[in-house]
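Q: for reference, the sequence and a predicted model appear below.
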Amino acid sequence: MIASARPVHDTAPTCRVVRAGTEFVGKQGLTYAPGISAETVGSKGLHLQILTMPPGAKAKAHKHEAHESAIYVLSGDAGMWFGEGLEQHVDIRPGDFLYIPANVPHQPYNASSTEPCTAVIARTDPNEQESVVLLPDLDRVHV
C-alpha cells in the first residue's frame, strides 16, 4: 500500500527552510534579520535571528521578561554589561556562546570602532520583541 500525501489544507507543523527576513530595528536599538519565529513558521517557543552591530554600536539597556537568550558570535568582538545595575561584564569573541537568563538586565555593545559584530541569537520568545523591557535608567550607567 502506498502512503498518500498530506492534504494541502492540513496545517500540521512541518519542517521548513526559511531565508533571513527583512531587517528591522528592535526596541533595543539594534538591527536584526529574523529567521525562525511565530510570524515566519508558527513557532510556539523559539525565535532565531541574526544580529549585526555596526562598529561602536550599543544597545539600549533592557531585559527579556520571562524568556532566555542564547547567542553565538560569528564575527567581531563584543562586550556586555549585565546585572541589576549593569555592574558585571563579559567579553564575547567569535566562536563564543553566551547565555542570558530570563529577566536579567543587560546592555551589549560592539567593542570595535572599525569592524561590525555578527551573531546568531535564539530566544524562548517566538515573537522576540514582545518580551523586551527597556530599562532607560540603566542607559546612563556606561556612557
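A: All right, it came through fine.
Q: on contacts alone, who are the packing partners of the helix or strand where Leu98 lies?
A: Leu98 is located in strand 97-100, with elements delineated by DSSP states H and E. Applying 3 or more CB pairs under 8 Å, 6 or more residues apart in numbering; DSSP states H and E, one finds that strand 97-100 makes contact with strand 69-75. The way it works is simple: take the backbone N, C-alpha and C, and place the C-beta from them, glycine included.
Q: partners of the strand it packs on, with directions?
A: Sheet pairing for strand 69-75, assigned by DSSP bridges, gives strand 97-100 (antiparallel), strand 117-123 (antiparallel).
Q: a markdown table for those, including mean pLDDT, distance to Pro136 and mean neighbour count?
A: As requested, the strands paired with strand 69-75 are arranged in a markdown table below (pLDDT from 0 to 100; distance: least, CB to CB, whole Å; neighbours: other CB atoms under 10 Å):
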| stretch | mean pLDDT | distance to Pro136 | mean neighbour count |
| --- | --- | --- | --- |
| strand 97-100 | 98 | 19 | 15 |
| strand 117-123 | 97 | 21 | 20 |
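Q: now these as TSV including distance to His142?
A: Shown next, in TSV, are the strands paired with strand 69-75 (distance: least, CB to CB, whole Å):
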stretch	distance to His142
strand 97-100	17
strand 117-123	17
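Q: and the angle for the helix or strand just after the strand holding Leu98 with strand 69-75?
A: Using DSSP H and E, the next helix or strand after strand 97-100 towards the C-terminus is strand 106-110. Here strand 106-110 runs at an angle of 10 degrees relative to strand 69-75 (axes from the mean of the first three to the mean of the last three CA atoms, to 10 degrees).
Q: residues in contact with strand 106-110?
A: Here strand 106-110 makes contact (CB atoms under 8 Å, 6 or more residues apart in numbering) with 30, 53-63, 76-82, 86, 92, 100, 116-117, 138-139, 141-142.
Q: narrow these to those in helices?
A: Among the contacts of strand 106-110, no member is found in helices (DSSP state H).
Q: among these, which ones are buried?
A: 30, 53, 57-63, 76, 78-82, 86, 92, 100, 117, 138-139 (16 or more other CB atoms under 10 Å).
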